[in-house]
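J.: got a structure for you, letters missing:
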């Protein structure tokens, strides 16, 4: 140890070595490719997909609106689970008011589900 | 060139001298990354070769890449149907240079037992430059390991300069191969005359 050395000097040193270790081989590979290995682009090589098949059509397609309704109905069960678990965990310490409030909350969600069911949204058309 | 006796003296002391060509080829030969790509039952033997019992990792070739952009070696393991052939050629075109092809098994070499089938390509060498061919139906994992060792020997023997330098160092040679189209009765064209030289029968 050098006596007058800053105690944190080792950090920037390590940092420099780490960055050099990462950049050095990459730079060597780049220099090698630049001077020795000619670039050979092609139609297949520049293609976006690499599964062997040619891409057909456009990625900007529209989804059916039924998916939106399914996502909404999924939220009913999702939110229910999030609130029911802490409710069940601390059930014994809760006053009666909290229990009634939770039942009303569940009823609201259930009402939405029943409404969607009666509208026929659960049947895929 | 360095004196051979001095070279061996230094080697005894743990100092290895070599030309850049040897170091470059040695590095490439020991990191041949195959494309994850199986067509038929030969692929099962290929999988076995990469697993613990045969352990392809000993030869630096265990890194099966799921993308052709990262692969060096295409192991055509199995029957190439005429419907699959354009995809195989397209995948090969998408691999960066330097790239190699191993035709594994009778089917990939010639169509094998399905040679008479209307839908089977009679050997991938009709469209791709095959470096090593492994006979067998299917070849055992040892045979695949032997093929990779043969390929390594080929890579180690490559000269990086001169008129016979490999394709990836020669700007004049194209790196991609024409992709056939799955036509009404056969592939169009039925072969690539630049790589496929049918045997001439002399009577």
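T.: Done, it's in. This is a predicted model, so every value here is computed, not measured. Numbering: from 1, shown residues only, chains lettered A, B, ... in the order given.
J.: shaky segments in the chain?
T.: Looking at chain A here, since you left the chain open. Chain A contains residues with pLDDT under 70 at A:1-3.
J.: can you look at chain B instead?
T.: Short version for chain B, where the test is pLDDT under 70: B:1-2.
J.: report the contact partners of the residue nearest to residue B:124 when sequence neighbours are not counted.
T.: Distance criterion C-beta to C-beta, 6 or more residues apart in numbering or on different chains; nearest residue to residue B:124, sequence neighbours excluded, is residue B:76 at 4.8 Å. Every C-beta, even on glycine, is put in place using the N, C-alpha and C of the backbone. With contact taken as C-beta atoms under 8 Å, 6 or more residues apart in numbering or on different chains, residue B:76 is in contact with B:37, B:39, B:88, B:101-104, B:108, B:124, B:128, B:130.
J.: I'd like the distance from the helix or strand containing residue B:76 to the chain centre, please.
T.: Counting by DSSP states H and E, the element that carries residue B:76 is strand B:73-77. Averaging C-alpha positions (C-alpha atoms, centre = their mean, to the nearest Å) puts strand B:73-77 6 Å from its chain's average.
J.: which residues touch the helix or strand that that strand is followed by?
T.: Remark: after strand B:73-77, the chain's next helix or strand is helix B:85-94, criterion DSSP H and E. Applying C-beta under 8 Å, 6+ apart, the set of residues contacting helix B:85-94 from outside is A:42, A:44-45, A:47, A:50, A:52-54, B:35, B:37, B:39, B:68-69, B:74, B:76, B:80, B:99, B:101, B:121, B:124, B:127-128, B:175-182, B:187.
J.: would you map the helices across the chain?
T.: Just so you know, I chose chain A. For chain A, the helices defined by DSSP state H cover A:10-35, A:66-89, A:96-119.
J.: wrong one, I was asking about chain B
T.: With DSSP H, the ranges of helices along chain B come out as B:4-12, B:20-29, B:42-50, B:85-94, B:105-110, B:141-156.
J.: deepest in the core, which of those helices is it.
T.: The highest mean neighbour count among these, using mean count of other C-beta atoms under 10 Å in any protein chain shown, belongs to helix B:105-110: a mean of 25.
J.: from the contacts of residue B:76, keep the buried residues only.
T.: The neighbour count (16 or more other C-beta atoms under 10 Å in any protein chain shown) marks B:37, B:39, B:88, B:101-104, B:108, B:124, B:128, B:130 as buried among the contacts of residue B:76.
J.: of these, closest to chain A?
T.: Top of the list for closeness to chain A, among the buried ones among the contacts of residue B:76 and by C-beta to the nearest C-beta, is residue B:88 at 7.1 Å.
J.: tell me the contacts of the spatially most central residue of chain A?
T.: Residue closest to the average C-alpha location in chain A (C-alpha atoms, centre = their mean): residue A:71, at 16.7 Å. Under the criterion of C-beta under 8 Å, 6+ apart, residue A:71 has no contact partners.
J.: that older thread, inside strands: which ones of the contacts of residue B:76?
T.: With strands defined by DSSP state E, the entries of these inside them are B:101-104.
J.: how about the residues of chain A by chain B?
T.: By C-beta under 8 Å from any C-beta of the partner chain, the part of chain A that sits against chain B consists of A:36-38, A:40, A:42-45, A:47, A:50, A:52-54.
J.: wait, isn't residue B:96 in contact with residue B:69?
T.: Yes. With contact defined as C-beta atoms under 8 Å, residue B:96 counts as touching residue B:69 (6.5 Å).
J.: report the residue ranges of every domain in chain A.
T.: Partitioning chain A according to automatic domain parsing yields domains covering residues A:1-39, A:66-119.
J.: most packed of the ones you listed?
T.: Buried most deeply of those, by mean count of other C-beta under 10 Å, is domain A:66-119, with a mean of 11.
J.: how much space separates residue A:30 from chain B?
T.: Residue A:30 sits at a distance of 14 Å from chain B (criterion: C-beta to the nearest C-beta, to the nearest Å).
J.: so which bits of chain B are right by chain A?
T.: Chain B comes close to chain A at residues B:67-69, B:86-88, B:90-91, B:93-94, B:96-97, B:160, B:168-171, B:174-176, B:179, as judged by C-beta under 8 Å from any C-beta.
J.: swap in 6 Å and give it another go.
T.: Applying C-beta under 6 Å from any C-beta of the partner chain, we find that chain B lies next to chain A at B:67-68, B:87, B:90-91, B:93-94, B:171, B:175-176.
J.: including distance to residue A:95, could the helices of chain B go into CSV?
T.: Output for these, formatted as CSV (distance: least, C-beta to C-beta, whole Å):
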stretch, distance to residue A:95
helix B:4-12, 86
helix B:20-29, 73
helix B:42-50, 62
helix B:85-94, 67
helix B:105-110, 75
helix B:141-156, 70
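J.: ok, which of the ones you listed comes nearest residue A:99?
T.: Nearest to residue A:99, of all the helices of chain B, is helix B:42-50, at 57.9 Å by C-beta to C-beta.
J.: who does the closest one touch, helix- and strand-wise?
T.: strand B:73-77, helix B:141-156 (3 or more C-beta pairs under 6 Å, 6 or more residues apart in numbering or on different chains; DSSP states H and E).
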